[in-house]
Structures are given as C-alpha cells and as structure tokens.
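Trainee: Predicted structure and sequence below. I'll ask about it afterward.
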Amino acid sequence: MNPSEIKAMKAYPIPTIASLHSFLGLMGYYQKFIKNYGILGKPLTWLLRKDDFR
C-alpha cells in the first residue's frame with residue numbers, strides 16, 4: 001500500500017451519528033441499484049440506535 005494512502009486513511013475524520021444518518025439516507029435513494037442493500041445496510045442502521053454508536 002502506498003504510504004500517502006495510509007496517511008490519508010489515518011487523517012480521515014471520525015464519523016458522527018449525523019454523517020452516518022446522512023450516508024444511509026443517500027444510500028436509501030440508490031438502494032434499488034445495490035444488490036442486497038438490506039443486508040449490507042443493517043449493521044450501519046443498528047449503529048443509529050441509542051447508545052450503540054461510540
């Protein structure tokens with residue numbers, strides 16, 4: 001792996017509940033194009049439950 005790619009991943013900001021909610025909303029719009037969206041999105045949706053996102 002390229003060292004600049006590793007540096008970019010380390011510098012990536014920690015996601016927030018709001019950003020996860022926004023991402024899931026965007027993916028929900030495209031879910032008809034994503035095979036097994038329900039299975040793929042379920043773990044992320046679980047993180048929106050109270051006290052699960054840390």
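Mentor: All right, it came through fine.
Trainee: Low-confidence stretches in the protein?
Mentor: 52-54 (pLDDT under 70).
Trainee: Which residue ranges of it form strands?
Mentor: If DSSP state E is used as the criterion, the chain turns out to lack strands entirely.
Trainee: how about the helices in it?
Mentor: Listed in chain order, the helices of the chain (DSSP state H) span residues 3-11, 17-29, 37-46.
Trainee: And for H21, the neighbour number?
Mentor: The local packing count at H21 equals 15, with neighbours defined by other CB atoms under 10 Å. Using the backbone N, CA and C atoms, a C-beta is placed for each residue, glycine as well.
Trainee: list the contacts for it?
Mentor: Contacts were defined as CB atoms under 8 Å, 6 or more residues apart in numbering; by that measure H21 touches L48.
Trainee: quick one: it from Y12, how far?
Mentor: The gap separating H21 from Y12 is 18 Å, by CB to CB, to the nearest Å.
Trainee: now do R49
Mentor: Using CB to CB, we find R49 at a distance of 24 Å from Y12.
Trainee: For stretch 39-48, report the contacting residues that lie outside it.
Mentor: Counting by CB under 8 Å, 6+ apart, the neighbours of stretch 39-48 from elsewhere in the structure are I17, L20, H21, F23, L24, M27, G28, Q31, I34, D52, F53.
Trainee: repeat that with 10 Å
Mentor: Taking contacts as CB atoms under 10 Å, 6 or more residues apart in numbering, the residues outside stretch 39-48 that touch it are 15, 17, 20-21, 23-24, 27-28, 31, 34, 36, 38, 52-54.
Trainee: which one is Y37 nearest to, not counting chain neighbours?
Mentor: Q31 (4.1 Å; CB to CB, 6 or more residues apart in numbering).
Trainee: neighbours of the one you found, just the number please.
Mentor: Here the number of neighbours of Q31 (other CB under 10 Å) works out to 14.
Trainee: send the alpha carbons of stretch 39-53 over as PDB?
Mentor: Coordinates of each C-alpha in stretch 39-53 appear next as PDB, following Å, rounded to 0.1, in the frame of the first residue of the first chain:
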ATOM      1  CA  ILE A  39     -28.200  -7.000   4.400                       C
ATOM      2  CA  LEU A  40     -25.400  -4.600   3.800                       C
ATOM      3  CA  GLY A  41     -27.000  -1.600   5.400                       C
ATOM      4  CA  LYS A  42     -28.400  -3.400   8.500                       C
ATOM      5  CA  PRO A  43     -25.200  -3.100  10.600                       C
ATOM      6  CA  LEU A  44     -24.900   0.600   9.900                       C
ATOM      7  CA  THR A  45     -28.600   1.100  10.700                       C
ATOM      8  CA  TRP A  46     -28.100  -0.700  14.100                       C
ATOM      9  CA  LEU A  47     -25.400   1.900  14.900                       C
ATOM     10  CA  LEU A  48     -28.100   4.600  14.800                       C
ATOM     11  CA  ARG A  49     -29.800   3.000  17.800                       C
ATOM     12  CA  LYS A  50     -29.400   4.900  21.100                       C
ATOM     13  CA  ASP A  51     -26.100   4.100  22.900                       C
ATOM     14  CA  ASP A  52     -24.700   1.900  20.100                       C
ATOM     15  CA  PHE A  53     -22.600   4.500  18.300                       C
END
